[in-house]
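Peer 1: sequence and computational prediction follow.
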Amino acid sequence: MSMLTVPEGLANVVVADTEIGDVRGDAGFYHYREHSAVELARERSFEEVWYLFVHGSLPDPVQLAEFTRATTAVRDLPGELRAVLGAAAPLGPDRSALAGLRTVLSAAGPALGAQPLWDNDPASVRHDGLRAAAMTPTILAAIHRLRAGADPLHPRADLSIAANWLYQLTGRIPDPRHARAVEQYLIATIDHGFNASTFTARVIASTGADMYAAICGALGAFSGPLHGGAPDRALDALDEIAEHGDAAVWAREQIAARRRIMGFGHAVYRTVDPRSELLRSIALDLGGPTVERAVDAERAIVDALREAHPDQPRYANVEFYAGVVMEACCIPRSMFTPTFAVSRVVGWCANIVEQSHSRKIIRPRARYVGPEPRLASSGRGDHARGVA
C-alpha cells in the first residue's frame, strides 16, 4: 500500500469535515458556525454561545432560560467527586491546576456512569458534554482554593458562568465590568479550528472512548507551553521588559539569542490575530499601568520582529493580551491557562459529539527510518532485505 507524505505537523492537511467553525488565517477572521466569533464575544453572553455549540443555532429567550437552568443544575460536584479533590489538588504553587482537573474528570467518567461513545445514544453523549463543561470551572476553582488553604465554594445559581468563575476563585461577588471582560474572553476562546488539543480530543473520540477520556486527552495536549500554557508566560515577558527598561532593545536581544517571544506569532494567522484585537480593546477599557505597558511593548516587539523577519511579520496573538485582561480582573497567574480551559472545554465537547457521528477510527501511519529490522526467521529476514 502506497503512503502519502504530508507536511510536518500536518500543516494545512484536511482530516475531517466540520460544521462547528473555521479559522481563515489569511483574512484574520474566525467564526462559530455562520457567526463571527469576535462579534459574538462583543454582543452575546457565554451561555448563548454555549447553546450555539450544543444545538447549532442561537437561542431565543425561552430556549436560553431552559438551557441555563439545565447547565446550572449540573455545575456542582457530586459527593464522590468532591472526595477526589483533595488528592487532585496540586501540591505546590508551581503545579498546574490542569493536572488536578484531569484527575477529577478521569474519576468522573466511571463515577457518573459515562458510556463509551460507540455504545451511547446522541442525547446521552450531549448530556455528558454539558455536565463535563459545567463542572470544569467548579473543579478548577476548588483546586485553586485548596492549594491556597481555603475551602472550595459551591457555585451560585444566580451568577453567570463568568461571574461564578471569578466568585469561586476569589470568594467575592465580582465587579460587573470584570465579569463581562472575562465573559468576552471566554467566548472568544471556545474554539479555534483543529488545534492540537481539539485534534487530540477527536482522535480519542474516534476510538469510541467516553466523553471524559477524550476531554482528558485534550487537556494533556492543552497543557503544553506551545498551546494553552502561554498567557502567564506572556505576562512574565512584560515583567522582564519592565525590569529591562526598553522594550525595543529587549525584543532585539531575544531575537538575536533565538529565544521565542511568548505571545507573538501564530501557526495559522498571517495577519493580525482578531482575538488579540478584541482583548486589547477590552484591556484598554479596563485601564491600568499594566495595560499601558502592554500596548507600548506590543508596538516595540512587532517592529523588532518586522525588522528581523521582513517577509514574515508576526503580531500579538491571543495569549499576549489574555494575561493582561485576566490580571486586571484579579485572576492569579497560576489560573490563566485554567481560565482558557473553562471555555475551550465547550469547544472540545462539541468536537467530540461531532466526531462520535463517524464510525471511522483516526489511524494515520508513520514512515519508519530506523535501522533495517532483524527478523527471527532467516528466510523472512532475507526477503526483508530484498535478497533472493
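Peer 2: Looks like it arrived, so ask away.
Peer 1: show me the longest helix that occurs in this structure.
Peer 2: Ranked by number of residues, the top helix in the chain under DSSP state H is helix 122-147.
Peer 1: quick one: buried residues of that one?
Peer 2: 125-147 (16 or more other C-beta atoms under 10 Å). No exception for glycine: its C-beta is placed from N, CA and C like everyone else's.
Peer 1: what average pLDDT does that helix get?
Peer 2: Helix 122-147 shows a mean pLDDT of 96.
Peer 1: now the helices for the stretch 151-300 of the chain?
Peer 2: 161-170, 176-188, 196-206, 211-222, 231-244, 247-256, 274-286, 289-308 (DSSP state H, counting those that start in this stretch).
Peer 1: out of those, which gets nearest to residue 3?
Peer 2: Ranking the helices of the stretch 151-300 of the chain by their distance to residue 3 (criterion: C-beta to C-beta) puts helix 196-206 first, at 18.9 Å.
Peer 1: can you spell out which helices and strands pack onto the closest one?
Peer 2: For helix 196-206, the packing partners by 3 or more C-beta pairs under 8 Å, 6 or more residues apart in numbering; DSSP states H and E come out as helix 211-222, helix 336-356.
Peer 1: now distance to residue 98 and mean neighbour count too, for those, in TSV please.
Peer 2: Formatted as TSV, these follow (distance: least, C-beta to C-beta, whole Å; neighbours: other C-beta atoms under 10 Å):
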stretch	distance to residue 98	mean neighbour count
helix 211-222	6	25
helix 336-356	6	26
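Peer 1: of all those, which one comes closest to residue 232?
Peer 2: helix 336-356 (4.5 Å).
Peer 1: so how far is the closest one off the chain centroid?
Peer 2: Its chain's average C-alpha position is 7 Å from that of helix 336-356, according to C-alpha atoms, centre = their mean, to the nearest Å.
Peer 1: let's test this: mean pLDDT of it, rounded?
Peer 2: So the average pLDDT for helix 336-356 ends up being 96.
Peer 1: same check, this time on stretch 218-225
Peer 2: Here the average pLDDT along stretch 218-225 is 90.
Peer 1: what's the domain layout of the chain?
Peer 2: 30-223+344-356, 231-328 (automatic domain parsing).
Peer 1: for the last one, what is the average pLDDT?
Peer 2: Okay, so that is domain 231-328. On average, domain 231-328 scores 87.
Peer 1: once you drop chain neighbours, what's closest to the residue nearest to the spatial centre of the chain?
Peer 2: Nearest to the geometric centre of the chain sits residue 344, at 4.2 Å (C-alpha atoms, centre = their mean). Spatial nearest neighbour of residue 344, chain neighbours left out: residue 189 (6.1 Å); criterion: C-beta to C-beta, 6 or more residues apart in numbering.
Peer 1: surely that neighbour touches residue 343?
Peer 2: Yes. Residue 189 is within contact range of residue 343, at 4.6 Å (criterion: C-beta atoms under 8 Å).
Peer 1: intersection of neighbour lists for those two?
Peer 2: Among the neighbours of residue 189, none is also in contact with residue 343 (C-beta atoms under 8 Å, 6 or more residues apart in numbering).
Peer 1: on that earlier part again, who wins for proximity to residue 77 among the helices of the stretch 151-300 of the chain?
Peer 2: helix 161-170 (11.6 Å).
Peer 1: elements contacting that closest one?
Peer 2: helix 46-55, helix 122-147, helix 176-188, helix 336-356.
Peer 1: wait, is residue 41 part of a helix?
Peer 2: Yes. Looking at residue 41 with DSSP: H, G, I helix; E, B strand; the rest coil, it is inside a helix.
Peer 1: what sits against it?
Peer 2: Counting by C-beta under 8 Å, 6+ apart, residue 41 has contacts 49, 184-185, 187-188, 278.
Peer 1: for residue 233, state which of the residues you listed is nearest.
Peer 2: Each of the contacts of residue 41 was scored against residue 233 by C-beta to C-beta, and residue 185 proved nearest at 17.0 Å.
Peer 1: burial count for the closest one?
Peer 2: When counting by other C-beta atoms under 10 Å, one arrives at 28 neighbours for residue 185.
Peer 1: surely it touches residue 327?
Peer 2: No. In this structure, residue 185 is not within contact of residue 327 by C-beta under 8 Å, at 11.9 Å.
Peer 1: tell me the spacing between residue 259 and residue 203.
Peer 2: Separation of residue 259 from residue 203 (C-beta to C-beta, to the nearest Å) stands at 32 Å.
Peer 1: circling back: for the longest helix of the chain, which helices and strands make contact with it?
Peer 2: helix 46-55, helix 61-72, helix 79-88, helix 97-111, helix 161-170, helix 211-222, helix 336-356.
Peer 1: for residue 250, give me its contacts.
Peer 2: 240-241, 244.
Peer 1: export those residues to a markdown table and tack on distance to residue 76?
Peer 2: Formatted as a markdown table, these follow (distance: C-beta to C-beta, whole Å):
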| residue | distance to residue 76 |
| --- | --- |
| 240 | 41 |
| 241 | 42 |
| 244 | 46 |
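Peer 1: most neighbours among the residues you listed, please name it.
Peer 2: residue 241 (22 neighbours).
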